[in-house]
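Novice: I would like the atomic coordinates for the input below:
(one chain, ligands or ions: 3)
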Amino acid sequence: MTQKEQKEKKLEDIKKEAEQKNCPVQRSLYFIEEFLAGPMCGKCFPCSFGSYEARIRFKRLLTGTATDEDVKSIKRIASNMIEASMCKKGKDTAKFILDNIDLKDLTEHLSGVCSGNDCLAYFKYIIIPEKCNTCGICLGVCKDNAITGEKKKTYLSGYHPFEIAQKRCTKCGECIKVCPTGAIVVVNATVKEPVGV
Ligand code: SF4
Ligand code: SF4
Ligand code: SF4
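Specialist: Residues are numbered from 1 along each chain as shown. Ligands and ions are numbered 1, 2, ... in the order given. As a prediction, this is how the structure comes out:
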């Protein structure tokens, strides 16, 4: 999309695209980012400043660093935008934000949960050692080299169990699709990882 096309994008289209997103945090952030990149003209302060401020706070929700204060601020910002924005575009953006802000699955982010596992910061993939048959198939599909491990050798008592290095994992989900034993699972990011054999 060219810059001109982005600028002329209709709020209705942004709304339709945003509504395709399952998670209310991602829905709201998408709406704001598209609004800022497109129809937001910057002519009035409550709308322009409010949108930028709301974006900062939604990004915190996305990355698991938000607090109650961020949610309160978003509400304050959006209410102010509704009241003081010069045109309908600013007011409609604020309405969209307010329609999503009190949803349970949005506020759950404050306690470290993204119920749809849509926000990467809130979940991780792990390998359950007891279910892993050490076939190594997952290792072959991980383009990020996040999986390490070795096949069990009958003549050796110990081996390096299959594990996912969280710092390298980009959460693409390819490994879970190929694991024949269901040993790879998605868990909340705060869950302690099982200790290998
Ligand atoms: S409310 Fe309307 S006039 Fe004001 S910055 Fe937003 S888009 Fe521009
Ligand atoms: S989710 Fe993707 S990056 Fe992470 S371990 Fe699996 S294949 Fe590798
Ligand atoms: S594909 Fe599954 S069973 Fe095979 S090594 Fe990976 S985690 Fe273990």
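Novice: name the nearest residue to Cys47, sequence neighbours excluded.
Specialist: Nearest-residue entry for Cys47: Gly90, 3.2 Å, with adjacent residues in sequence omitted and distances by C-beta to C-beta, 6 or more residues apart in numbering. (C-beta placed from N, C-alpha, C; glycine too.)
Novice: grab the nearest non-local neighbour of His160.
Specialist: Glu150 (4.8 Å).
Novice: still on that earlier bit, gap between the residue nearest to Cys47 and ligand 3?
Specialist: As judged by C-beta to the nearest ligand atom, to the nearest Å, Gly90 and ligand 3 stand 50 Å apart.
Novice: would you check how far apart that residue and Asn133 are?
Specialist: 57 Å (C-beta to C-beta, to the nearest Å).
Novice: report how many residues lie close to whichever residue of the chain sits closest to ligand 1.
Specialist: Residue nearest to ligand 1 within the chain: Gly90 (2.6 Å; C-beta to the nearest ligand atom). A count of nearby residues for Gly90, using other C-beta atoms under 10 Å, gives 25.
Novice: name the SS class of it, please.
Specialist: Under DSSP: H, G, I helix; E, B strand; the rest coil, the three-state class of Gly90 is helix.
Novice: next up, the contacts around it.
Specialist: By C-beta atoms under 8 Å, 6 or more residues apart in numbering, the residues touching Gly90 are Met40, Cys44, Pro46, Cys47, Gly50, Ser51, Met81.
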